[in-house]
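Colleague: Sequence first, predicted coordinates after that:
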Amino acid sequence: MDLGTYFAGLFELITRAYRLDPAALAWVREHPYSIWLTVGVALLAGISVMFGHAVVLLLNRITGWRFILGLLLSAVWLVVLLGFESVVLWGLGSWAGGTAVPYLTVLSGVLLSTAPQVWGFLVLMPYFGTAIGRVLSAWSAVVLWAVTAGTFNVSRGSALALVTLAWLAMHLVSTLCAPWISRATASILKRISGRSYWVSGADVLSGRPMLTEEVQA
């Protein structure tokens, strides 16, 4: 791999995402590294977000195996939600656009929408961290909106409706699964340590690192 070409393409793609370029994915398809560029964007975003989460966990005095497990569970849950959102968007968009768009193209768009999360490490800022996290999430949604319009060749209004429906479906699944994830996490922690811990449903739904609290007998 020519690293110079790859990273030049990677930062060009991030710039296009920030400009809300609806033809960004068409540009990606013509690039020698194609989907690997969007994977690179998601990896950069994931590293940045996990760094911010790591600081939050350390500030809450969660270290050792609980620290590693908290980061791992947060990362896995984020991947699951993005995958689910891409499937829903693919189905709705293909139906609305009247053409069969390849799933990998839609997945690339969802991965590209994580570009604003490259700044995810800023959530560790005191007082402003939560607000910054919300701004980045909203920015990601706007990027996905712009990319979706170009992917399915629909109007901005139709693209907004598709992204909104996909987000609502993802949020519904998150809400329904949050209690199960909390119980499953508590069970895993108890098996590992022999002590009872709990993860709040609010942590699961908000995308924050999964903070564990020891349950007093």
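Modeller: Cool, the structure landed.
Colleague: CA only for contacts and neighbour counts going forward, please
Modeller: OK.
Colleague: How far off centre is stretch 129-136?
Modeller: Offset of stretch 129-136 from its chain centre (CA atoms, centre = their mean, to the nearest Å): 14 Å.
Colleague: I meant to write stretch 20-27 there.
Modeller: Worked out by CA atoms, centre = their mean, stretch 20-27 lies 19 Å from the chain centre.
Colleague: what residue ranges in the protein score low on pLDDT?
Modeller: Within the chain, the ranges that satisfy pLDDT under 70 run 1, 59-60, 189, 192-195, 197-217.
Colleague: what about the helices in the protein?
Modeller: Ranges of helices in the chain, per DSSP state H, are 3-18, 24-30, 35-59, 64-97, 103-112, 129-152, 156-193, 201-206.
Colleague: a markdown table for the ones you listed, including mean neighbour count?
Modeller: Formatted as a markdown table, these follow (neighbours: other CA atoms under 10 Å):
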| stretch | mean neighbour count |
| --- | --- |
| helix 3-18 | 16 |
| helix 24-30 | 17 |
| helix 35-59 | 20 |
| helix 64-97 | 18 |
| helix 103-112 | 22 |
| helix 129-152 | 20 |
| helix 156-193 | 17 |
| helix 201-206 | 17 |
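Colleague: Let's have these in a markdown table, adding distance to residue 121.
Modeller: Conversion of the helices of the chain to a markdown table gives the following (distance: least, CA to CA, whole Å):
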| stretch | distance to residue 121 |
| --- | --- |
| helix 3-18 | 17 |
| helix 24-30 | 25 |
| helix 35-59 | 4 |
| helix 64-97 | 14 |
| helix 103-112 | 18 |
| helix 129-152 | 9 |
| helix 156-193 | 23 |
| helix 201-206 | 16 |
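Colleague: Out of those, which is closest to residue 119?
Modeller: helix 35-59 (6.5 Å; CA to CA).
Colleague: Not counting the closest one itself, show me its contacts.
Modeller: For helix 35-59, the external contacting residues (CA atoms under 8 Å, 6 or more residues apart in numbering) are 6, 9-10, 13-14, 28-29, 63, 67, 70-71, 75, 108-109, 111-112, 114-124, 208-209, 211.
Colleague: Show me how far it is from its chain's centre.
Modeller: Centroid separation for helix 35-59 versus its chain: 9 Å, with CA atoms, centre = their mean.
Colleague: do stretch 117-135 as well
Modeller: 14 Å.
Colleague: For the nearest residue to residue 156 once chain neighbours are set aside, give me its contacts.
Modeller: Nearest non-adjacent residue to residue 156, counting by CA to CA, 6 or more residues apart in numbering: residue 149, 5.7 Å away. Counting by CA under 8 Å, 6+ apart, residue 149 touches 22, 155-156, 158-159.
Colleague: isn't residue 152 right up against residue 91?
Modeller: No - the pair residue 152 / residue 91 is not scored as a contact, 11.0 Å apart, by CA atoms under 8 Å.
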